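*Asks:* Following is a predicted model, sequence given first.
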Amino acid sequence: MVEVATRRVHFGGCTTNPTEPWMKQIARNLTDCEDDFLNGKCFLIMDRDTKFTDRFFEILKCQGVEAVKLPPRSPNLNPHIERFIRSIKDESLSRLILFGENMLSNAVRQFLTHYHTERNHQSIDNKIIQPGDEVGWHKRDVQSRERLRGMLRYYYREAA
């Protein structure tokens, strides 16, 4: 899920077979007070996938979130998530050989950490979503941080 205003992405989880109980748990997680992803939000724009069951929508509605279904075959109406999917595929997933859900989950989490804390975003004036303390330093030596065995790199100057 993508928060459009900030471009913050939330990874609900992955499974090869999303059953109704699994999707109900995802809905509970999204509306959980600790997670805070859908708290204060009014709408969740989603496609027409059959994994989104009536019970999933009921859980969202009880928390005051209206699920808005997009018309069939209209990816251009949700461009932010489409762009994120393209980014994660091009920058990491298409370069990996994954053996199971755990490896996929780990790769997605590593990419999300990079996406939120190390990657500039053109759509928000080339800013980092959650910049660290090292952002903005100019007089220190350049350091490099790697994720996914060097596939994702972030160059920064050490904070004082």
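*Replies:* Right, received. Where do you want to start? Numbering: from 1, shown residues only.
*Asks:* Spatially nearest residue to Thr16 (excluding sequence neighbours)?
*Replies:* Spatial nearest neighbour of Thr16, chain neighbours left out: Glu101 (6.9 Å); criterion: Cβ to Cβ, 6 or more residues apart in numbering. Yep, even glycine has a C-beta here, placed from its N, CA and C like the rest.
*Asks:* Any regions of this structure where pLDDT drops low?
*Replies:* Residue ranges of the chain with pLDDT under 70: 35-36, 159-160.
*Asks:* let's see it at 80
*Replies:* Counting by pLDDT under 80, the chain has low-confidence residues at 33-36, 75, 133-140, 158-160.
*Asks:* Would you map the strands across it?
*Replies:* In the chain, the strands defined using DSSP state E lie at 2-3, 8-9, 43-46, 66-69, 120-121, 127-128, 142-147, 152-157.
*Asks:* Would you tell me which one of those is buried the most?
*Replies:* Most buried of those by mean neighbour count (mean count of other Cβ atoms under 10 Å) is strand 8-9; its value is a mean of 18.
*Asks:* Counting neighbours, which bits of the lengthiest helix in the chain end up buried?
*Replies:* Secondary structure of the chain per DSSP state H: the longest helix is helix 101-117. Going by neighbour count (16 or more other Cβ atoms under 10 Å), the buried part of helix 101-117 is Leu104, Ala107, Val108, Gln110, Phe111, Leu112, His114, Tyr115, His116.
*Asks:* got a list of what the fifth one touches?
*Replies:* Phe111 makes contact with Ile88, Glu91, Ser92, Leu93, Arg147, Leu148, Leu152, according to Cβ atoms under 8 Å, 6 or more residues apart in numbering.
*Asks:* ok, the fifth one touching Thr113?
*Replies:* Yes: with contact defined as Cβ atoms under 8 Å, Arg147 and Thr113 form a contacting pair (6.8 Å).
*Asks:* Next, count neighbours for the residue nearest to Lys69 when sequence neighbours are not counted.
*Replies:* With sequence-adjacent residues excluded and distances taken as Cβ to Cβ, 6+ apart, Lys69 is closest to Arg48, at 5.6 Å. By the criterion of other Cβ atoms under 10 Å, Arg48 has 11 neighbours.
*Asks:* distance of the nearest residue to Val135 once chain neighbours are set aside from Thr6?
*Replies:* The spatially closest residue to Val135, leaving aside those adjacent along the chain, is Ile128, at 6.3 Å (Cβ to Cβ, 6+ apart). From Ile128 over to Thr6 the distance is 11 Å, taken as Cβ to Cβ, to the nearest Å.
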